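**Q** got a predicted structure plus its sequence, pasted below:
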Amino acid sequence: MEIRHNWTAQDVQRLFEKPFMDLVFEAQQVHREYHPANQVQVSTLLSIKTGACPEDCKYCPQSARYRTDVEKERLMEVEQVLEAAHKAKASGATRFCMGAAWKNPKQRDMPYLLDMIQGVKGLGLETCMTLGMLDDEQAKTLSEAGLDYYNHNLDTSPEFYGNVITTRTYQERLDTLSNVREAGMKVCSGGIIGLGESTRDRAGLLMELANMPAHPESVPINMLVKVKGTPLENVDDVDPFDFVRIIAVARIMMPKSAVRLSAGREDMNEQMQTLCFMAGANSIFYGCKLLTTPNPDEDADMQLFKKLGINREAVSQKPDQVTEHDLLEQVAERVASRPQEGDLFYDASV
C-alpha cells in the first residue's frame, strides 16, 4: 500500500462506511505489511507538573477553570522523575513520557526539563514530553538535549475544535508540530474520541494528521475519560465498535505510524482492546495512571498480552551499567549545584 498525504474527505468517509469486518481485515493487512505481527510498544506517562493549567480544554480536569478533584502540584524534582523512570523501565516500558500542565514552558523551566531528558535517556529509555506550545527556539533546545518525541495532540477536527477549546487556536497547535518536526524530533499527535463530535469530525481529525508532509511517528487515540466538574462530564459514551473503527481507519491512512491506545482503556474490556489490536493498534500507555486519570494496571495488561500471544517491543537503547551510573551521577551533580535548593520547588502553576 502506498503512503499517501492527499486524503480527501470523500476518501476517508468511504473508509468509515465500510462493513466493520472488511475494514478491520484491511487494517490488519496494512498493519502486517509495515509492522511486526503480535508486537506492542509500551510507554509510561508521568505528570511532572499537575493542575492549575490556564487553558479551557473542556475535557481536562487539570484546567484551573473547572472544579475537579485534581490538586495543584509544583514541578517535580529531577531525582523524583528519574526514580519513576527507573520503575517504568523495570516494568517493561521502552519510552518514558513526561507531561506538564502548561500552556507553554517558561524559560525558567528549561534547565530542569533538560536534566530530566538527559537523565531518562541515561537509563536507556526513549524520551517524550508534552509541555504545551513550543516556539522554534524551545523546540531546538529540547531536541539538542536529546528529546526523542514531542506530544501535541490536535484533539479533534478543525471544524469542531472551537466547541472544545478557545484559549489556543488550531493553527497554534499545527505551528508547534511544525517547530517540533523542524527541530528534528519525532512527532506524537492524535486526538480524543467522545467529545460530542460527529463521524465527519473524526474523519477530519485523521485527515489533518495523515495529510501532514510526514505522518506522526506516534498517533495516540484517546477515548474521553469523563471527569466530574468538567463541561464534558455528561456527554454520551462512545460506542465500542465506533472506537475500533477509528483505530482501523487510522492504521490504513498512516501505515507506518504507531497507533496508540491511550486514555480510556480503563473502561475497555479485554474483547474491545483485542479488537483494537486486530484493527492495527500497536502501542499502549502502561501503568495505573495517565496524568490524572486511571489506566489498567500492569498485571492486567500482561495477562491480556499472554492470552493474545502479544510481545512487548524490546528496549531500543541499552547502556551498560557503568555508563548508566555515570550519566545519573552527572545529573545528580547538576541538580546539587543549583544556587538554591528551592529552585526545584518553585511554583510552576502559571
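**A** Here it is on my side, so go on. Given the structure is predicted, the values throughout are model-derived calculations rather than measurements.
**Q** which other helices and strands does the strand ranked longest in the chain contact?
**A** Longest strand in the chain, counting residues (DSSP state E): strand 39-49. If contacts are counted by 3 or more C-beta pairs under 8 Å, 6 or more residues apart in numbering; DSSP states H and E, strand 39-49 sits against helix 78-90, strand 95-100, strand 258-261, strand 283-285, strand 311-312. In short, each C-beta sits where N, CA and C put it, glycine included.
**Q** tell me where the stretch 51-200 of the chain has strands.
**A** 95-100, 126-130, 149-151, 186-188, 191-193 (DSSP state E, counting those that start in this stretch).
**Q** going by mean pLDDT, which of the helices and strands packed on strand 39-49 comes out lowest?
**A** Per-stretch mean pLDDT for the helices and strands packed on strand 39-49 is lowest at strand 311-312 (a mean of 76).
**Q** and the gap between residue 203 and residue 197?
**A** For residue 203, the distance to residue 197 equals 10 Å [C-beta to C-beta, to the nearest Å].
**Q** what is the burial count for the residue nearest to residue 150 when sequence neighbours are not counted?
**A** Excluding its sequence neighbours, the residue lying closest to residue 150 (C-beta to C-beta, 6 or more residues apart in numbering) is residue 180, at 4.4 Å. As a burial measure, residue 180 scores 27 neighbours (other C-beta atoms under 10 Å).
**Q** what comes into contact with stretch 34-42?
**A** With C-beta atoms under 8 Å, 6 or more residues apart in numbering as the test, stretch 34-42 has contacts from 31, 92-95, 255-256, 258, 260, 277, 281-284, 286, 305, 308-313.
**Q** the residues you listed, buried ones only, as a PyMOL selection?
**A** Here is the PyMOL selection string for the buried members of the contacts of stretch 34-42, based on 16 or more other C-beta atoms under 10 Å:
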select buried, resi 31+92+93+94+95+255+258+260+277+281+282+283+284+286+305+310+312+313
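**Q** mind jotting down where the strands sit in the stretch 201-350 of the chain?
**A** 218-223, 258-261, 283-285, 289-290, 293-294, 311-312.
**Q** make JSON lines out of those and add distance to residue 45.
**A** As requested, the strands of the stretch 201-350 of the chain are arranged in JSON lines below (distance: least, C-beta to C-beta, whole Å):
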{"stretch": "strand 218-223", "distance to residue 45": "10"}
{"stretch": "strand 258-261", "distance to residue 45": "10"}
{"stretch": "strand 283-285", "distance to residue 45": "5"}
{"stretch": "strand 289-290", "distance to residue 45": "5"}
{"stretch": "strand 293-294", "distance to residue 45": "10"}
{"stretch": "strand 311-312", "distance to residue 45": "16"}
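**Q** rewinding a little: what would the helices and strands packed on strand 39-49 look like in CSV with distance to residue 113?
**A** CSV is the format used below for these (distance: least, C-beta to C-beta, whole Å):
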stretch, distance to residue 113
helix 78-90, 9
strand 95-100, 8
strand 258-261, 23
strand 283-285, 20
strand 311-312, 28
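**Q** can you pull out the low-pLDDT segments for this protein?
**A** 51-52, 64-65, 69-72, 287-298, 313-350 (pLDDT under 70).
**Q** kindly recompute the last result at 50.
**A** Applying pLDDT under 50 to the chain flags the ranges 288-292, 316-324, 327, 331, 334-335, 338-350.
**Q** isn't residue 156 right up against residue 197?
**A** Yes. Using C-beta atoms under 8 Å, residue 156 is in contact with residue 197, at 5.3 Å.
**Q** hmm, back to that, give the buried residues for the longest strand of the chain.
**A** Residues 40-49 are the ones in strand 39-49 that count as buried (16+ other C-beta under 10 Å).
**Q** give the pairing partners of that strand; include direction for each.
**A** Here strand 39-49 has these sheet partners by DSSP bridges: strand 95-100 (parallel), strand 283-285 (parallel), strand 311-312 (parallel).
**Q** centre of the chain versus it, how much separation?
**A** 8 Å (C-alpha atoms, centre = their mean, to the nearest Å).
**Q** same check on stretch 281-288?
**A** Per C-alpha atoms, centre = their mean, the centroid offset for stretch 281-288 relative to its chain is 10 Å.
**Q** same thing with stretch 106-126?
**A** Using C-alpha atoms, centre = their mean, the mean C-alpha position of stretch 106-126 is found 17 Å from that of the whole chain.
**Q** ok, now stretch 115-134?
**A** In terms of C-alpha atoms, centre = their mean, the centre of stretch 115-134 is found 13 Å from the chain centre.
**Q** got the end-to-end distance for that stretch?
**A** In stretch 115-134, first residue to last residue: 18 Å (C-alpha to C-alpha, to the nearest Å).
**Q** how about stretch 12-22?
**A** Start-to-end, stretch 12-22 (C-alpha to C-alpha) is 15 Å.
**Q** in that stretch, what's buried?
**A** Going by neighbour count (16+ other C-beta under 10 Å), the buried part of stretch 12-22 is 12, 15-16, 18.
**Q** ok, those residues vs residue 267, which is closest?
**A** Of all these, residue 267 sits closest to residue 16, with 22.3 Å by C-beta to C-beta.
**Q** surely the closest one touches residue 250?
**A** No. The criterion here is C-beta under 8 Å, and residue 16 misses it with residue 250 at 11.2 Å.
**Q** quick check: closest non-adjacent residue to residue 247.
**A** Counting by C-beta to C-beta, 6+ apart, the residue nearest residue 247 is residue 279, at 4.3 Å.
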